[in-house]
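Asker: Curious how this folds, go ahead:
(2 chains)
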Protein chains: 2
Amino acid sequence: MPSPRIALAQIDTRVGDVDANARAVLDWSRRAAEAGADLVVFPEMTLTGYPIEDLALRASFRRGAEAALQSTAAALATEGLGNLAVLVGTVGEKSVTPVDAPGAPEGPRRPTNQAVLLQHGQVQVRYDKHHLPNYGVFDEYRIFAAGDDVCVIDVAGRRVGVVVCEDIWQDGGPVSQMDENEVSLLVVLNASPYEEGKGHQRVELAARRAHEVEAPVAYVNLVGAQDDLVFDGGSFVIATDGTVVARAPQFVEHLLVWDLLGDDDAPAVGTIAPPLDPDEEVYRALVTGLRGYVSKNGFRSVVFGMSGGIDSALVAAIAADAIGGENVVGVSMPSVYSSQHSRDDAADLAERIGADYRVQPISAMVEAFERELPLDGLAEENLQARMRGVILMALSNSEGHLVLAPGNKTELAVGYSTIYGDAVGGFAPIKDVDKSRVWALARWRNHAAIDGVFGPDEIPPIPESSITKPPSAELRPGQVDQDSLPPYDLLDEVLDAYVEHAEGRAELLARGFDPDVVDKVLTLVDRAEWKRRQYPPGTKVTALAFGRDRRLPITTRWREP
Amino acid sequence: MPSPRIALAQIDTRVGDVDANARAVLDWSRRAAEAGADLVVFPEMTLTGYPIEDLALRASFRRGAEAALQSTAAALATEGLGNLAVLVGTVGEKSVTPVDAPGAPEGPRRPTNQAVLLQHGQVQVRYDKHHLPNYGVFDEYRIFAAGDDVCVIDVAGRRVGVVVCEDIWQDGGPVSQMDENEVSLLVVLNASPYEEGKGHQRVELAARRAHEVEAPVAYVNLVGAQDDLVFDGGSFVIATDGTVVARAPQFVEHLLVWDLLGDDDAPAVGTIAPPLDPDEEVYRALVTGLRGYVSKNGFRSVVFGMSGGIDSALVAAIAADAIGGENVVGVSMPSVYSSQHSRDDAADLAERIGADYRVQPISAMVEAFERELPLDGLAEENLQARMRGVILMALSNSEGHLVLAPGNKTELAVGYSTIYGDAVGGFAPIKDVDKSRVWALARWRNHAAIDGVFGPDEIPPIPESSITKPPSAELRPGQVDQDSLPPYDLLDEVLDAYVEHAEGRAELLARGFDPDVVDKVLTLVDRAEWKRRQYPPGTKVTALAFGRDRRLPITTRWREP
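Answerer: Down below sits the predicted model:
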């Protein structure tokens, strides 16, 4: 029996752009065929993009996806690729008992998260994902009907099991039913969002399933970014004994090719990409996230306030790496409280990354406003931040740049951010990065320049003084962050426990944190959370300070007792 | 056997404020006992408020709710109410198989949506809701573990079945298992959000379940507002034959008392509140929504731009009815394009409702800005709207008012709203009301004044010319909405089909709409949806234009073909 050659097409897709996604399937299938593959496997929901959210509930969208699926099957054959087995993901449909409830998806057909085998010009097999994740960033159970059939296809005389993403995260799923079918390979179509350290989890899990079915597991993951999710790729093949025998690099499109010789044979053509250093992995995830948001929203350039501080400096470096320094507009918007060193650092930064640098003082605007409507205290501080927001949005409207909000996770968590002021922006590149990590990433990026990671003879992008000086919002004379906050390393530790790990006050005290620090931080976070949830109007709100995509009520009165 | 007296306590609760909710349980239990009740039933999740979203996932919150439950049981007995059967809702806990997935709720205990019988100073019975809705505004399946036991309690010698809200919306739920138990009454604890016409659906459904168990059904609903949800109350009792035998009024707290004589006997003390006229029902829902948002967020007053147009006029009337005209700050912010009649109408409106009226011209601020950064076209129009947003937020920061955004649903759907400009605000009272309905509600409210619905000798709050003049944003000389939009009645019809009923272009054409109108509207909506989703940063976005709480990806490229 010949050894089937398997290709994992780790590609980037765009939600809703079924035509472009279908073209990508044709293009990468051709490459797979040229590499001699018998089977090419694409990521979860290839044709529709992922996640499609409630778009799946529109019948006209499902019709469009189905038409693209059929025409892709035909086009593959027309182009001489009819013998190649092509596994793609898309939105399917399934008849279910009508749900007798208002607002529930109507009618007898509901969407499914589907893997489809295309071969010989036709749809050959359809498989509906069983396990629909419904936690964290996932909302699939809300949208899709679950499948209940097991899927085993034939590839060059070998039996290949097919499952989708969450199906392997749940014990007792379709893989456990597959055991008896004696598959020679299990393939998994994934859209697994990036989290730090998740690569190890995926490999461990795949190893467990490989052991379960007594066959290798081929795991293909989406790459790129969609909205607030980053997909890191890192597709891999694991042997029956749990050894990684092939791995694609992270954060780039890649065709990983590997020969299924025998159950335990070494691969013929598989390569193993080396893992990334943790700071590099996070930095590249941020670059990927920003690049995806800019390009998928149809922008070419970004604009943001370049204050000379560490946050906007890191954002500038990320933006330059994502879309090129020449597409970065940095605006210094000094007030009467801004220091000369801040302006010098901003100008230095812009020059290092090749940004379009502008200076737009706000003093005259703020004075004109206050002549009409005198303000003081917090209202006056916020006015400065809001006038800067108006300037950035005016430049966006006039010149077409996407506005970036350079706030970091720590600052957002404790509420050091003005609503409609420095919070203005379509994308906040470092909103998931705490202040301690901001400094670590800035240092890593400068070292990477010296090490030639991003090309030869690069100068470090971030001015040293932006990294070393004490952080300040410069909204009052002589103001520095540490006047009103615990040291950032301690603050970030408390925030991580309270916000990310949902520990209560009692647990925090039991871990030995100073009660004054705990109470100060909890008060700041609860208040910031409450203020942030009041605006914008009446929508369900993703609570940044309570971790990524936790959903919380707006008007809760609950405070940690 | 004596006839048990049943009290339905239709109360308002506040999410997270377990102490205040527990006090309300004590207070209304006392009233029920004074009315001679044997059983008092409270709405779903009484102690925690509804919906608590991911707050349920915090162990410290669940501990707090459990402590309040135990102390409420004890306090009832201490106050001499130990013999009264008290059914309250709260968050429970349940051991489940650990979920082997990252981000999933950790550990062996997960929250449940629970009904609890308190009597004789103790927790007597706990029931976990079976059916967890996961569509529209509901996210319960994400949060709670489902129950699987049936609950029948004894009240004065009669068997009473207990279920929670969605349990009766699904065929084959706990009610179908209850059939064999021969209950004498089925009670349902609800937090059923208001939708127009939903009252009829609830009654029909309850009638079906009454027929199923061959017993009356007592349906108690939450009243008040939480975040973007309004709960209308309207609790009722339905006899075995489907007749409504008692009904509470909508939008007010109420104790509905009724005697369970025999299975088919007429009620002894039940009263039947008359149904509201459709416009009145919607208007009172809007008043309830705004009042709840203001008070539960700890505000006492509101501020918004009073332009003299119909939208801000209706918002002013609603605000005055919700929190009193003296707590309404209306700011006229004329530009060089503002007409004198607009200013006159705004002043007239403020006087009619007794608002704090101010005039804050924006011309000098806009000119000062443009001297520094010259703008034209859309950027200049948006600058005017944004300067008004900065003024309103400055007043909010200085004086503590909640900013309201007076945009209507039609305007938001087609994108006639400036991000960080007129979209600024913590609450948008008429975001779910289309333009045609805005006029209808304004007319209804003026007629209600003449009819004395809100008290004797009231003058109509809304100036007639605000209702009759052609609407204009007044951002350019001579601009009126109908220059660039189809007539509003036609526009609203197309929007309703496209947005609320998720019809595609093909369906709209098949219904006979003019292709030019359809294409114009779909282009506007898709573009507005896309722009709105770009801002604010990186969060999952509730898509207003696609109906209430539909969730859509941000960067989709999909357009109706």
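
Asker: Spatially nearest residue to the residue of the stretch 51-200 of chain A at minimum distance from chain B, not counting backbone neighbours?
Answerer: Proximity of the stretch 51-200 of chain A to chain B (CB to the nearest CB) peaks at residue A:60, 2.7 Å away. All C-beta spots, glycine's among them, are computed from the backbone N, C-alpha and C. In space, and not counting its chain neighbours, residue A:60 is closest to residue B:504: 2.7 Å by CB to CB, 6 or more residues apart in numbering or on different chains.

Asker: Quick check: the residue of the stretch 51-200 of chain A closest to chain B touching residue B:506?
Answerer: Yes. Contact criterion CB atoms under 8 Å: residue A:60 and residue B:506 qualify, at 6.8 Å.

Asker: worst-scoring helix or strand of chain A, pLDDT-wise?
Answerer: Lowest on mean pLDDT, DSSP states H and E among the helices and strands of chain A sits strand A:541-543, with a mean of 38.

Asker: Pull the contacting residues for residue A:291.
Answerer: Residue A:291 sits next to A:225, A:322, A:323 when contact means CB atoms under 8 Å, 6 or more residues apart in numbering or on different chains.

Asker: Compare those and tell me which is most surrounded.
Answerer: If you count neighbours using other CB atoms under 10 Å in any protein chain shown, the busiest of the contacts of residue A:291 is residue A:225, which has 28 neighbours.

Asker: Next, it: secondary structure please.
Answerer: strand (DSSP: H, G, I helix; E, B strand; the rest coil).

Asker: can you pull out the helices in the stretch 101-250 of chain A?
Answerer: A:140-143, A:174-178, A:198-213 (DSSP state H, counting those that start in this stretch).

Asker: Could I get the ones you listed in a markdown table, plus columns for mean neighbour count, mean pLDDT and distance to chain B?
Answerer: Output for those, formatted as a markdown table (neighbours: other CB atoms under 10 Å in any protein chain shown; pLDDT from 0 to 100; distance: least, CB to the nearest CB, whole Å):
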| stretch | mean neighbour count | mean pLDDT | distance to chain B |
| --- | --- | --- | --- |
| helix A:140-143 | 22 | 88 | 5 |
| helix A:174-178 | 19 | 87 | 13 |
| helix A:198-213 | 18 | 94 | 6 |
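
Asker: Redo these as TSV? Include distance to residue A:341.
Answerer: Shown next, in TSV, are the helices of the stretch 101-250 of chain A (distance: least, CB to CB, whole Å):
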stretch	distance to residue A:341
helix A:140-143	50
helix A:174-178	59
helix A:198-213	40
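
Asker: Any regions of chain A where pLDDT drops low?
Answerer: For chain A, the stretches flagged by pLDDT under 70 are A:1, A:97-108, A:179-181, A:262-269, A:532-561.

Asker: for it, which helix is longest?
Answerer: helix A:377-399 (DSSP state H).

Asker: tell me which residues of it are tucked away?
Answerer: By 16 or more other CB atoms under 10 Å in any protein chain shown, the buried positions in helix A:377-399 come out as A:379-398.

Asker: Could you say which helix or strand holds residue A:357?
Answerer: Residue A:357 is part of strand A:356-359 when elements are defined by DSSP states H and E.

Asker: any idea how far that strand is from the chain center?
Answerer: Taking CA atoms, centre = their mean, to the nearest Å, one finds strand A:356-359 lying 30 Å from the centre of the chain it belongs to.

Asker: Surely residue A:382 and residue A:418 touch.
Answerer: Yes. Taking contacts as CB under 8 Å, residue A:382 lies within contact range of residue A:418: 4.8 Å.

Asker: Tell me where the stretch 1-150 of chain A has strands.
Answerer: A:5-10, A:39-41, A:85-95, A:109-119, A:122-128 (DSSP state E, counting those that start in this stretch).

Asker: ok, back up a step: could you dump the contacts of residue A:291 to a markdown table with distance to chain B?
Answerer: Formatted as a markdown table, the contacts of residue A:291 follow (distance: CB to the nearest CB, whole Å):
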| residue | distance to chain B |
| --- | --- |
| A:225 | 9 |
| A:322 | 14 |
| A:323 | 15 |
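
Asker: what's the burial count for whichever residue of the stretch 301-450 of chain A sits closest to chain B?
Answerer: Of all residues in the stretch 301-450 of chain A, residue A:368 sits closest to chain B, at 3.1 Å by CB to the nearest CB. By other CB under 10 Å, 18 other residues sit near residue A:368.

Asker: Now do the SS call for it.
Answerer: Of the three states, residue A:368 takes helix under three-state DSSP.

Asker: For it, which non-adjacent residue is closest in space?
Answerer: That would be residue B:368: by CB to CB, 6+ apart, it lies 3.1 Å from residue A:368.

Asker: what about that neighbour, distance to residue A:385?
Answerer: Going from residue B:368 to residue A:385 by CB to CB, to the nearest Å gives 18 Å.

Asker: which element is the residue sitting furthest away from the middle of chain A on?
Answerer: The centre of chain A is farthest from one residue, residue A:371, which by CA atoms, centre = their mean lies 44.9 Å away. Residue A:371 is part of helix A:363-372 when elements are defined by DSSP H and E.
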